[in-house]
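> sequence unknown, structure follows:
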């Protein structure tokens, strides 16, 4: 199985603490062949977060998603 790149959502606030999970679209994880494709997708879909101080601070505590290497494993 090939290594792919996924997109990791991150947030940290006083209510929920630190949370991280892969971003899904249409019940499937968002996956890319190349890291630069994941970075471009993040910029297109979540680039607005850089200018939203209200979402970056409490109570939301959102952080920019980051590309992460994902290894698919075949289960039998």
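Perfect, I can see it now. The shown structure was predicted, so the numbers you read here are calculated from the model rather than taken from an experiment.
> show me the shaky parts of the chain.
The chain contains residues with pLDDT under 70 at 1.
> swap in 90 and give it another go.
1-3, 15-16, 56-57, 71-76 (pLDDT under 90).
> max-length helix in it?
If you go by DSSP state H, the chain has its longest helix at helix 35-46.
> and that one, how far out from the chain middle?
Centre-to-centre, helix 35-46 and its host chain are 10 Å apart (C-alpha atoms, centre = their mean, to the nearest Å).
> just checking, what packs against it?
strand 3-13, strand 62-71 (3 or more C-beta pairs under 8 Å, 6 or more residues apart in numbering; DSSP states H and E). (C-beta placed from N, C-alpha, C; glycine too.)
> immediately after that helix, which helix or strand?
helix 53-56 (DSSP states H and E).
> give me the distance between that following helix and the centre of its chain.
Distance of helix 53-56 from the chain centroid (C-alpha atoms, centre = their mean) equals 17 Å.
> neighbours around the residue nearest to residue 13 when sequence neighbours are not counted, how many?
In space, residue 13 comes closest to residue 61 once its chain neighbours are excluded; the distance is 3.3 Å by C-beta to C-beta, 6 or more residues apart in numbering. Using other C-beta atoms under 10 Å, the number of residues around residue 61 comes to 18.
> against residue 68, how distant is residue 61?
The gap separating residue 61 from residue 68 is 19 Å, by C-beta to C-beta, to the nearest Å.
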